[in-house]
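> this is a predicted model, with the sequence first.
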Amino acid sequence: MDKKTEKIGGQSGADEVKLIDTIIFAMRDKKAENIVHLNFDKLGKSVCSAFIVTNADSTTQVRAIADNIEEEVLKKLDEKVWRRQGDENALWIILDYGSVVVHVFQTKCRKYYALEDLWADAETVQIPEDKIA
C-alpha cells in the first residue's frame with residue numbers, strides 16, 4: 001500500500017474520514033464547542049494522522065462527549081477505542097483510535113495546554129458549527 005491508503009493504526013484513508021466524521025457528529029450531538037481537526041499527514045513521521053480537539057464547560061459534559069464518541073464509533077463503524085485516559089477527573093479525556101486521537105477538554109484546561117499552539121505546524125481546520133457527518 002502507498003502512503004495515501006495506508007495509515008498508522010491500519011485504517012485506510014476512507015475509513016479514517018468516516019471515523020473523523022463520526023467523531024465530529026458525536027461531539028456535536030453533545031454540544032461540544034470549538035471543534036478543531038489537526039491534520040498531521042504533511043508533517044512526515046508522526047505518532048498519528050490527526051487530532052480532533054474540543055472542549056466543554058463542565059466535567060459532566062466532557063464525560064458525556066467522550067462517552068458519546070465511543071458509543072457512536074462502535075455503533076456506526078464497529079470500532080472500539082484502543083485506549084481511554086482521563087476519566088479520573090474529566091478535565092482532559094483522550095480517546096486513542098490509532099490514527100486519530102481525540103482530545104476532549106474542560107474549557108480552562110484547553111486554554112492552558114493550548115494543543116493547537118504546540119502543533120502549530122499541522123494543518124488546522126476549524127469545524128463549523130453546522131458540520132454534521
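Good, I have the coordinates. Remember, it's a predicted structure, so these values are computed and weren't measured experimentally. Residues are numbered from 1 along each chain as shown.
> can you show me the helices along this protein?
According to DSSP state H, the chain carries its helices in the segments 13-29, 59-77, 107-113, 115-118.
> of all these, which one comes closest to Y97?
helix 13-29 (6.1 Å; CB to CB). Where you see a C-beta, it was placed from the backbone N, CA and C, and this is true even at glycine.
> buried ones in the closest one?
By neighbour count on 16 or more other CB atoms under 10 Å, the buried set for helix 13-29 is 15-16, 18-20, 22-29.
> closest one to A122 out of those, please.
Using CB to CB, the buried residues of helix 13-29 come closest to A122 at I20, 14.1 Å.
> low pLDDT regions in this structure?
1-13, 130-133 (pLDDT under 70).
> pipe the buried residues of helix 13-29 into TSV and attach distance to L115 per row.
Shown next, in TSV, are the buried residues of helix 13-29 (distance: CB to CB, whole Å):
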residue	distance to L115
D15	24
E16	19
K18	23
L19	19
I20	16
T22	21
I23	16
I24	17
F25	21
A26	19
M27	15
R28	20
D29	22
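> between these, which is closest to V62?
M27 (11.0 Å).
> before we move on, back to that, can I get the helices of the chain in TSV with distance to F40?
TSV is the format used below for the helices of the chain (distance: least, CB to CB, whole Å):
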stretch	distance to F40
helix 13-29	12
helix 59-77	19
helix 107-113	17
helix 115-118	12
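> closest to S46 out of those helices?
With CB to CB, the closest approach to S46 among the helices of the chain belongs to helix 115-118: 12.7 Å.
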